[in-house]
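Enquirer: Okay, predicted coordinates and the sequence, questions at the end:
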Amino acid sequence: MAGITNSVLRTSRILTAKSSLEGRGSLLVFGRKFSSGEHEHIKAEKRGQQNNVGFIQLNRPKALNALCDGLMREVSQVLDEFEKDKEIGCIVLTGSDRAFAAGADIKEMQNQTFSKVYGGNFLNHWNRVAECKKPVIAAVNGFALGGGCELAMMCDIIYAGEKAQFGQPEISLGTIPGAGGTQRLIRAIGKSKAMELILTADRINAQDAQSSGLVSKVFPVDQLVTETIKQAEKIASFSKLTVAMCKEAVNAANEMSLREGLHFEKRVFHATFATDDRKEGMSAFVEKRPAKFTDS
């Protein structure tokens, strides 16, 4: 009886603490507190009916979510935590209705020198998003320009609100894209269109971005995040192990010849036969029942 009483008291204290934290605008994420003071430039939480979607929202409204160094380091830190969280199977990255990210923080870069940016390998850590083992979906509303467009392209899937705008305007600032714009954009939409956007600083809207292959789907502005989380939940419902293997195989296609890629794909396919989830998935199909994946 004493054990039950102590358990109830502990539960009561946890709920009281949670209520107190939420009242101060704090978030409980992955079993530990993420207060507004810990993250200055982003918000992070777990979403979805099964709490299996990691959610990151860029939060510099006055700067239209300009990507300062502090913001990108916070994104990297949260991605580290989401990757460690065994419940999370997919991650959503978004901004505000007005701007996903209007670009890199120009004021932060204005007085940089060649020796500093070269010696410090400036922007190198931005690639953390692209290196995430779990799938990352960008939900883009408003401006995704310069570094914002590059950040979206680091994600595995891009969904856009119907008023979204994409572009690489660095040429108008006397520089070039430095976080993957010249490399990822050509892979997404082809040389001619990529060259046009990069050399003219022109923008394309969500519909043109979809027709060119940069964006997978376009949604009404007020439905974008909800629909993106639904897709993230679907991905998270599958074997996290198999999803990671599949993501690795797809990404390898950008780095290999077709012959090399086919060989790599076959080896990863063969490797799934060493997993419990492959056996469970096929058994569930044959037995006409839902699969119960254990991520092993």
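Expert: Right, received. Where do you want to start?
Enquirer: so where do the strands sit in this protein?
Expert: 27-29, 32-34, 42-47, 53-58, 90-94, 99-101, 136-140, 143-145, 157-161, 165-167, 203-205, 217-219 (DSSP state E).
Enquirer: And the ones you listed: which comes nearest Val250?
Expert: Closest to Val250 of the strands of the chain is strand 157-161 (C-beta to C-beta; 10.8 Å). All C-beta atoms are positioned from the backbone trio N, CA, C, and that covers glycine.
Enquirer: Next, the angle from that closest one to strand 136-140.
Expert: If you take axes from the mean of the first three to the mean of the last three C-alpha atoms, to 10 degrees, strand 157-161 sits at 20 degrees to strand 136-140.
Enquirer: tell me what strand 157-161 is packed against?
Expert: Contacts defined by 3 or more C-beta pairs under 8 Å, 6 or more residues apart in numbering; DSSP states H and E place strand 157-161 against strand 136-140, helix 206-212, strand 217-219, helix 224-236.
Enquirer: Can you give the contact residues for it?
Expert: Applying C-beta atoms under 8 Å, 6 or more residues apart in numbering, the contact partners of strand 157-161 are 97, 135-142, 152, 166, 206, 209-210, 214-221, 224, 227-228, 231.
Enquirer: Next: stretch 196-211.
Expert: 140, 145, 158, 160-172, 176-177, 181-182, 185, 189, 212, 214-218.
Enquirer: Please verify my assumption that Glu233 contacts Gly48.
Expert: Yes: judged on C-beta atoms under 8 Å, Glu233 makes contact with Gly48 at a distance of 4.5 Å.
Enquirer: In space, what's closest to Pro169 - neighbours in sequence excluded?
Expert: Ala201 (3.9 Å; C-beta to C-beta, 6 or more residues apart in numbering).
Enquirer: For the one you found, grab phi and psi.
Expert: Per-residue torsions, Ala201: phi 70, psi 20 (degrees, to the nearest 10).
Enquirer: How many residues are close by it?
Expert: 15 (other C-beta atoms under 10 Å).
Enquirer: State the distance from it to Glu170.
Expert: From Ala201 over to Glu170 the distance is 8 Å, taken as C-beta to C-beta, to the nearest Å.
Enquirer: ok, now Ala138?
Expert: Ala138 is 19 Å from Glu170, by C-beta to C-beta.
Enquirer: The two: which has the busier surroundings?
Expert: Ala138 (28 against 22).
Enquirer: so the more buried one sits right up against Thr94, yeah?
Expert: Yes: Ala138 is in contact with Thr94 according to C-beta under 8 Å; the separation is 7.2 Å.
Enquirer: Tell me where this structure has helices.
Expert: Ranges of helices in the chain, per DSSP state H, are 2-23, 69-84, 106-109, 114-119, 147-154, 181-189, 191-200, 206-212, 224-236, 240-252, 258-271, 276-286.
Enquirer: closest one to Arg60 among the ones you listed?
Expert: helix 69-84 (6.4 Å).
Enquirer: remind me which residues of the chain are low pLDDT?
Expert: The model of the chain has pLDDT under 70 over residues 1-37.
Enquirer: tell me the centre residue of it?
Expert: Nearest to the mean C-alpha position of the chain, by C-alpha atoms, centre = their mean, lies Val136 at 3.4 Å.
Enquirer: how far away is it from Ala152?
Expert: Using C-beta to C-beta, Val136 is found at 10 Å from Ala152.
Enquirer: what do you get for Val78?
Expert: From Val78 over to Ala152 the distance is 17 Å, taken as C-beta to C-beta.
Enquirer: do Lys134 as well
Expert: 17 Å.
Enquirer: neighbour count winner among these two?
Expert: Set Lys134 next to Ala152 and count neighbours by other C-beta under 10 Å: Ala152 wins out with 31 against 20.
Enquirer: got JSON lines for the strands of the chain, with distance to Thr275 too?
Expert: Output for the strands of the chain, formatted as JSON lines (distance: least, C-beta to C-beta, whole Å):
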{"stretch": "strand 27-29", "distance to Thr275": "29"}
{"stretch": "strand 32-34", "distance to Thr275": "30"}
{"stretch": "strand 42-47", "distance to Thr275": "25"}
{"stretch": "strand 53-58", "distance to Thr275": "23"}
{"stretch": "strand 90-94", "distance to Thr275": "19"}
{"stretch": "strand 99-101", "distance to Thr275": "36"}
{"stretch": "strand 136-140", "distance to Thr275": "23"}
{"stretch": "strand 143-145", "distance to Thr275": "36"}
{"stretch": "strand 157-161", "distance to Thr275": "24"}
{"stretch": "strand 165-167", "distance to Thr275": "38"}
{"stretch": "strand 203-205", "distance to Thr275": "41"}
{"stretch": "strand 217-219", "distance to Thr275": "30"}
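Enquirer: Sweet, I'm off.
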